[in-house]
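K.L.:
the amino acid sequence is not available; the structure is as follows:
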């Protein structure tokens, strides 16, 4: 077999193997995506309710409870940025768009004379920031495929402790919000202080009729709203981070499924093109052999 035929045949075989791998990864991502969607659908109403309760309690409280995590600092000198990424790649722009958004926000803060402290959830975020020689105050890896509430609590405790100790004056979180398997939106939310927190996002406002009409139900607090707010804030921070982790997980599976489907389709197109080249080369080789046989017969 001529060298070019052998090379083309080898390339076709290699691309077919890659197509099998990308197809299998697409099916795995699709199965995991469905489970992640169910977890988000179950959590969103609860997370929205906790956020609304925190906002309403803070509005009803005459005096903000004397808790370090609720104390608004006089000035914002140090900002903590948490980047929620995945532990693996092969998901298109899923990880890179979060890193770009976080670095852009950090540059904006530095231009205003603020210091920036980075936290990262997911190996991709950790490795990318480490490669850029940026110091990480917190690293959280190994759970991006299926985060648990304990993972959110661990991150929340570190962020709240840093805020209460005065190491951070503001905390922002960047993550991919899940819209559909084809669409993931970068979300930037202020987590602390509570007075500036992004408690209600656009989707929740659209679902809450009282937000649209401006009418609020009369709420009686027992015990008083100050004590309720003091107990509610840690839960608010934890549930907000848990929602961000779940949204990011679903977005990662959706992005990987889309990326692997595109890769499989591209592999199919490449296989068709290489097969056509292989057939042409095979026909050319057969034609050349026939010409050589005819030339030899005429010579005799």
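P.N.:
All right, it came through fine. Quick caveat, the model's predicted, so the values are computed rather than measured. Residues are numbered from 1 along each chain as shown.
K.L.:
so what are the domain limits for the chain?
P.N.:
Domain ranges of the chain: 1-26+261-299, 30-203+217-257, per the TED database.
K.L.:
ends of the longest one, what's the gap?
P.N.:
Yep, that's domain 30-203+217-257 we're talking about. Start and end residues of domain 30-203+217-257 are separated by 6 Å (C-alpha to C-alpha, to the nearest Å).
K.L.:
residues contacting residue 158?
P.N.:
Contact analysis of residue 158 by C-beta atoms under 8 Å, 6 or more residues apart in numbering lists 119, 137, 138. Heads up, the C-betas are built off the backbone N, CA and C, glycines and all.
K.L.:
same question, residue 4
P.N.:
Listed by C-beta under 8 Å, 6+ apart, the contact set of residue 4 reads residue 281.
K.L.:
so how far is residue 278 from it?
P.N.:
Separation of residue 4 from residue 278 (C-beta to C-beta, to the nearest Å) stands at 9 Å.
K.L.:
same deal with residue 137?
P.N.:
55 Å.
K.L.:
hmm, back to that, list buried residues within the contacts of residue 158.
P.N.:
Neighbour counting with 16 or more other C-beta atoms under 10 Å marks 119, 137, 138 as buried within the contacts of residue 158.
K.L.:
out of these, who's nearest residue 289?
P.N.:
residue 119 (67.4 Å; C-beta to C-beta).
K.L.:
does the closest one belong to a helix, a strand or coil?
P.N.:
Classification of residue 119 using DSSP: H, G, I helix; E, B strand; the rest coil returns strand.
K.L.:
do you know the pLDDT at it?
P.N.:
At residue 119, the pLDDT value in this model is 96.
K.L.:
likewise residue 282?
P.N.:
Residue 282 is given a pLDDT of 80.
K.L.:
what about it, distance to residue 276?
P.N.:
11 Å.
K.L.:
and if you look at residue 171?
P.N.:
For residue 171, the distance to residue 276 - C-beta to C-beta - is 57 Å.
K.L.:
looking at the two, which one has more neighbours?
P.N.:
residue 171 (26 against 11; other C-beta atoms under 10 Å).
K.L.:
how about residue 181, phi and psi?
P.N.:
The phi/psi pair for residue 181 (degrees, to the nearest 10) reads phi -60, psi -30.
K.L.:
start at 452, not 1
P.N.:
Sure thing, new numbering starts at 452, so read that last one as residue 632.
K.L.:
my guess is it contacts residue 703. True?
P.N.:
No: counting by C-beta atoms under 8 Å, residue 632 sits too far from residue 703 to count as a contact (11.1 Å).
K.L.:
tell me which of those two has more neighbours.
P.N.:
Neighbours were counted for residue 632 and for residue 703 using other C-beta under 10 Å; residue 703 has more, 30 against 20.
K.L.:
so what's that one closest to, chain neighbours aside?
P.N.:
residue 537 (4.5 Å; C-beta to C-beta, 6 or more residues apart in numbering).
K.L.:
part of a helix, is that neighbour?
P.N.:
No: counting by three-state DSSP, residue 537 is not part of a helix but coil.
K.L.:
what about it, how many neighbours?
P.N.:
26.
K.L.:
what pLDDT is listed against it?
P.N.:
93.
K.L.:
phi, psi of it?
P.N.:
phi -100, psi 170.
K.L.:
would you map the strands across the protein?
P.N.:
Under the criterion DSSP state E, the chain carries strands at the ranges 529-535, 566-572, 587-591, 621-629, 635-643.
K.L.:
now those in TSV, with distance to residue 504?
P.N.:
Converted to TSV, the strands of the chain look like this (distance: least, C-beta to C-beta, whole Å):
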stretch	distance to residue 504
strand 529-535	23
strand 566-572	25
strand 587-591	27
strand 621-629	20
strand 635-643	16
